[in-house]
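Asker: dropping a prediction and its sequence here:
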Amino acid sequence: MGPFLIANIVIAVISVLIWFFLNRASVRANRLVELLELIDKKNNKQIELLSLILESNSISLDDNKNKQLLADYFREAKLIGDNLILSDGKLNKDNVIKFAEYGNKYIESEKLKGENIDNSIDLFTMLKNEKFSKLTGNEKEIANKLYKDSITFL
């Protein structure tokens, strides 16, 4: 019985050690799960608070967005005005119409702001004259006709 007793004791000790380490790992895993759930709850609360802050600041964001759009309309019109001639040297009629449409949007934005649009019209007309001055006589006539047909602010 001596060797069997020693073998049983060794197996019992090894079993207790395995149980101890598995139990300890399980407890650690449970703690980690609890911590992750707590972090998730806090993140959800922070997201709710941030969305409330954004909603309360939406008025000032809209004002900034409108100012940016106004600058974008004028800038886009300038970019389109730089491309009134196609690579083959012909007038790009679509870009003339787009140029006029951006002019309409720019002036409309100024109206919505309650600004005096005379200065804005003068500014956009100066831009048009600058861009159209690069066209030849016949192209300039066609571009002016397309422009006048497409604008709504004059």
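Answerer: Thanks, I have the structure now.
Asker: pretty sure Asn144 is touching Lys131, no?
Answerer: No. Here Asn144 does not reach Lys131: they are 11.5 Å apart, not a contact under Cβ atoms under 8 Å. Yep, even glycine has a C-beta here, placed from its N, CA and C like the rest.
Asker: the two - which one has more neighbours?
Answerer: Between Asn144 and Lys131, counting by other Cβ atoms under 10 Å, Lys131 is the more crowded of the two (21 against 14).
Asker: quickly find the element holding that one.
Answerer: When secondary structure is defined using DSSP states H and E, the element that contains Lys131 is helix 117-132.
Asker: which outside residues touch that helix?
Answerer: The set of residues external to helix 117-132 that reach it, using Cβ atoms under 8 Å, 6 or more residues apart in numbering, is 74, 77-78, 81-82, 84, 99, 103, 106-107, 110-111, 140, 143-144, 147, 153-154.
Asker: tell me the first helix or strand C-terminal of the least confident helix or strand in the chain by mean pLDDT.
Answerer: The least trusted helix or strand in the chain, going by mean pLDDT, DSSP states H and E, turns out to be helix 58-81, with a mean of 64. Where DSSP H and E defines the elements, the next helix or strand beyond helix 58-81 is helix 93-113.
Asker: who are the packing partners of that next one?
Answerer: Secondary structure elements in contact with helix 93-113, counted by 3 or more Cβ pairs under 8 Å, 6 or more residues apart in numbering; DSSP states H and E, are helix 58-81, helix 117-132, helix 137-150.
Asker: same list, these, but as JSON lines with distance to Ala29 please.
Answerer: Listed next are the helices and strands packed on helix 93-113 as JSON lines, based on distance: least, Cβ to Cβ, whole Å:
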{"stretch": "helix 58-81", "distance to Ala29": "43"}
{"stretch": "helix 117-132", "distance to Ala29": "66"}
{"stretch": "helix 137-150", "distance to Ala29": "69"}
